[in-house]
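1. Quick one, fold the following:
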Amino acid sequence: MDGALMSTFLHGRTSKEQVLRLKSKQSLTSNQVLEAMQLLVDDFKCEIEQLVHLNYTVNMEYTSPSNHVFVSYPQPQLTILSIRSHTDGHTLFGTRLKRFLLENNLPISLDHLVPFESILPDVTQKQLLQDTYQQTHGEGYVIEIIQPDQRSYLVKIKTQKYFMVYGDGGSENSPRSLFEAIINGNADDLAALFNDDTETLKRIDEMEKKIKPKYYRMIELVEQFYQKNKHLSKRDFVRSIKMTEDMKIYLPLSTTLYEGKENDYKVFAMKHAKDLFGIGGDGNHRTTTVNQDKLE
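-> Here you go, the predicted structure:
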């Protein structure tokens, strides 16, 4: 799911005053919370209230055409992910949650349960990772790892498309990875992966229009300055750079040319992404591909 996590709570000082409400990770009254509350109606609301009065917190994902990062949704919806007991802290999801909803006669909640499937026992971890990585839809999966005589735990597996946009740093709100893909000349490959996703194609196009002119202008400024001043002594050449306001940041590039070496403009652009392009992030995560050796 690709939206905003919503959790239930009871609002009110006394049991008679308490009403069912939703909250996000950061807010009780954000637009996302208010929009999600509008979907909590009729029999669905009654069933969620029943779960809450059974001392469970219901965790749901709110998705809509305007509330997503990676996956597009045609209409607003609330999807149940899990429920957590207030009594002992245990969490139900997947098969156990489905069984619980059936046993407690909660058919509407069942209809809102996030889809899941069991992995065949002969599928290896490596095969699962590789198959997920190559998928062309969605951002990936949440996988339950079941261990004999131990508690199960959850892990996330992402697709190649997700890595190409966001890298593996988990920074979904940062355009850093998309910026690096464009600087590295991978925008066409990226667009080909998203040929059926108009929203992502729009993001790629907007980023290209923002970044490419500045990137080519940087190269042009450095090359022209070098050609114009290469006859100077190195001391005067450096002094000239420092006296030219819009060239100061390009001192390393200009002196590299003066010394007869080749510039790596891509590395420089990524190192100075914030100053030159207004793009944050440290660039320490992979951005365009995932090393297949990591799947071993």
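2. only C-alpha atoms for contact and neighbour calcs from this point on.
-> OK.
3. any idea where the helices of the stretch 1-150 of the chain begin and end?
-> 31-37, 42-53, 94-103, 107-111, 125-134 (DSSP state H, counting those that start in this stretch).
4. wait, which of those helices is closest to Lys248?
-> helix 125-134 (42.9 Å; CA to CA).
5. For the longest helix along the chain, which helices and strands make contact with it?
-> Longest helix in the chain, counting residues (DSSP state H): helix 198-229. Packing contacts for helix 198-229, counted by 3 or more CA pairs under 8 Å, 6 or more residues apart in numbering; DSSP states H and E, involve helix 176-183, helix 187-193, helix 251-258, helix 273-277.
6. What average pLDDT does stretch 260-267 get?
-> In this model, stretch 260-267 has an average pLDDT of 94.
7. ok, and what's touching that stretch?
-> Stretch 260-267 has contacts (CA atoms under 8 Å, 6 or more residues apart in numbering) with 183-184, 219, 253, 256-257.
8. and of the residues you listed, the nearest to Val155?
-> Asn184 (30.1 Å).
9. Look up how far Ile108 lies from the closest residue to Tyr56 other than its chain neighbours.
-> In this structure, Tyr56 finds its nearest non-sequential neighbour in Ser85, 4.6 Å apart by CA to CA, 6 or more residues apart in numbering. Separation of Ser85 from Ile108 (CA to CA, to the nearest Å) stands at 20 Å.
10. same deal with Thr91?
-> 20 Å.
11. Sketch out the low-pLDDT regions of this structure for me.
-> For the chain, the stretches with pLDDT under 70 are 1-2, 67-72, 164-174, 281-296.
12. okay, the helices and strands packed on helix 198-229 in CSV with mean neighbour count and distance to Asn31 next?
-> Below are these laid out as CSV (neighbours: other CA atoms under 10 Å; distance: least, CA to CA, whole Å):
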stretch, mean neighbour count, distance to Asn31
helix 176-183, 24, 26
helix 187-193, 16, 31
helix 251-258, 18, 47
helix 273-277, 15, 30
